[in-house]
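Asks: I'll drop the sequence and a predicted model, then ask my questions.
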Amino acid sequence: MENKEFQFKGMTMNGFAMLFVNIMLTVLSVAIIVTGFMQDILTGLIVGFGFAVFAVTLFIWAGFVMLEPGEARVMMFFGKYKGTYTKVGYSWVHPFINTKKLSLRARNLDAEPIKVNDKTGNPIMIGLVLVWKLKDTYKAMFEIDSQTMAQSGTAQQIGTSVSNVMLAFENFVKTQSDAALRQVAGLYAYDNNESGKAELTLRDSADEINKQLEEKLDERLSMAGIEVVEARINYLAYAPEIAAVMLRRQQADAIISAREKIVEGAVSMVKMALDKLSSEEIVDLDDDKKAAMVSNLLVVLCGDDSAQPVVNAGTLNH
């Protein structure tokens, strides 16, 4: 898309120099007016000239602008965009130039968790934290209706308070972030147990999901001249109505996984014991004795409670 923003190239002057000049003109106009009233000759002409000089000083006073780091002013001349002014400090511009101040500083959005359905249809709660800032002042002021949004619900006029304008952008970002988060969350399952496949999930693939979330937000916010600095999912959980059920399911999966590990280890240990007894010819066990030994060892190794030993006072054959 064509970049319509450009730097303001109109006439500007040092604000302190113009301030000094204007103070001198103000003092001069007052002196002329006072002198005119004290003179008997050409009183009206002198007083009129004094008031004319004073009117010029009022005209000059209207052209002073001040910018702090991280701020910009959109310059307009009777409705026509004349550029963006970003020079930090105290300056003077033509008073007929109408200026609208914007903040270019980074802002933070900590969105409240919202309820959405993941890819498998399960309701989940998901929230994000977003860092954003204005990048293109032209798009910000003229591509979206930020001025009307800033005026609605407030008695202040647009341009008199930068906070009203930025609040309008915050509401726009919040709405678009909600839509982007719902779109991304609906593309993936909460975890692999839901999808049954080895694919990206909301819980286990944070970096990839956050990257896609940033891309979706960039697509939606670029039209307003807003740059996404960082976007991350900061809250993820099952919705309250299914949280208890899903917790029990996760606990069951964890127990099954642990049991598999225990059985795998127990079988390995039993095999190692039988091989050791056989290779070192400690005792010769027939199949029945091996089966009994395997059974006892598996009970001991796989049981939840500690086994009670039974001492055999006879021989292995009885």
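Replies: In hand now; what should we look at?

Asks: Give me the phi and psi for the residue positioned nearest the centre of the chain.
Replies: With distances taken as Cα atoms, centre = their mean, Leu130 lies nearest the centre of the chain, 0.4 Å away. With angles defined as degrees, to the nearest 10, Leu130 sits at phi -130, psi 130.

Asks: residues in contact with the closest residue to it other than its chain neighbours?
Replies: Leaving aside its chain neighbours, Leu130 sits nearest to Leu109 (4.3 Å; criterion: Cβ to Cβ, 6 or more residues apart in numbering). Just so you know, the C-beta spots here come from the backbone N, C-alpha and C atoms, and that holds for glycine as well. If you count contacts by Cβ atoms under 8 Å, 6 or more residues apart in numbering, Leu109 has them with 128-132, 170, 173-174, 177.

Asks: Pull out the buried members of these.
Replies: 128, 130, 132, 173, 177 (16 or more other Cβ atoms under 10 Å).

Asks: The residue nearest to the centre of the chain touches Asn234, doesn't it?
Replies: No - using Cβ atoms under 8 Å, Leu130 makes no contact with Asn234, being 9.6 Å away.

Asks: what element comes up after the lowest-mean-pLDDT helix or strand in the chain heading to the C-terminus?
Replies: Using mean pLDDT, DSSP states H and E, the weakest-scoring helix or strand in the chain turns out to be helix 192-195, at a mean of 59. As assigned by DSSP states H and E, the chain's next helix or strand after helix 192-195 is helix 206-221.

Asks: mean confidence for the helix ranked longest in the chain?
Replies: Longest helix of the chain, by residue count under DSSP state H: helix 240-279. The average pLDDT within helix 240-279 is 76.

Asks: Distance-wise, check the residue nearest to Leu130 relative to Leu187.
Replies: Leu109 sits 22 Å away from Leu187, going by Cβ to Cβ, to the nearest Å.

Asks: One more: Asp178?
Replies: Taking Cβ to Cβ, one finds Asp178 at 16 Å from Leu187.

Asks: With Asp204 instead?
Replies: From Asp204 across to Leu187, the span is 15 Å (Cβ to Cβ).

Asks: Next, check the buried ones among the contacts of Leu109 against the strands and list the overlap.
Replies: 128, 130, 132 (DSSP state E).

Asks: a markdown table for these, including pLDDT and distance to Ile46?
Replies: As requested, those are exported to a markdown table (pLDDT from 0 to 100; distance: Cβ to Cβ, whole Å):
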| residue | pLDDT | distance to Ile46 |
| --- | --- | --- |
| Leu128 | 93 | 69 |
| Leu130 | 94 | 64 |
| Trp132 | 94 | 59 |
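
Asks: Of those residues, just say which sits nearest to Lys100.
Replies: Taking Cβ to Cβ as the measure, Trp132 is the one of these closest to Lys100, at 19.5 Å.

Asks: so that closest one touches Val229, yeah?
Replies: Yes - if you go by Cβ under 8 Å, Trp132 and Val229 touch, sitting 6.1 Å apart.

Asks: and for those two, which residues touch both?
Replies: Common contacts of Trp132 and Val229 (Cβ under 8 Å, 6+ apart): Ala106.

Asks: In three-state terms, how would Lys87 be classified?
Replies: Under DSSP: H, G, I helix; E, B strand; the rest coil, Lys87 falls in the coil class.

Asks: State the phi and psi torsions of Leu200.
Replies: The phi/psi pair for Leu200 (degrees, to the nearest 10) reads phi -60, psi 140.

Asks: tally of neighbours for it?
Replies: Leu200 has 16 neighbours, counted by other Cβ atoms under 10 Å.

Asks: Please apply the same query to Ile23.
Replies: Using other Cβ under 10 Å, Ile23 is surrounded by 11 other residues.

Asks: Same question for Met166.
Replies: For Met166, the neighbour count with other Cβ under 10 Å is 19.

Asks: please renumber so the chain begins at 157
Replies: That works, and once the first residue is 157, the last one we named lands at Met322.

Asks: Can you show me the helices along this protein?
Replies: Under DSSP H, the chain gives helices at 171-194, 199-217, 293-298, 302-307, 318-341, 348-351, 362-377, 396-435, 443-458.
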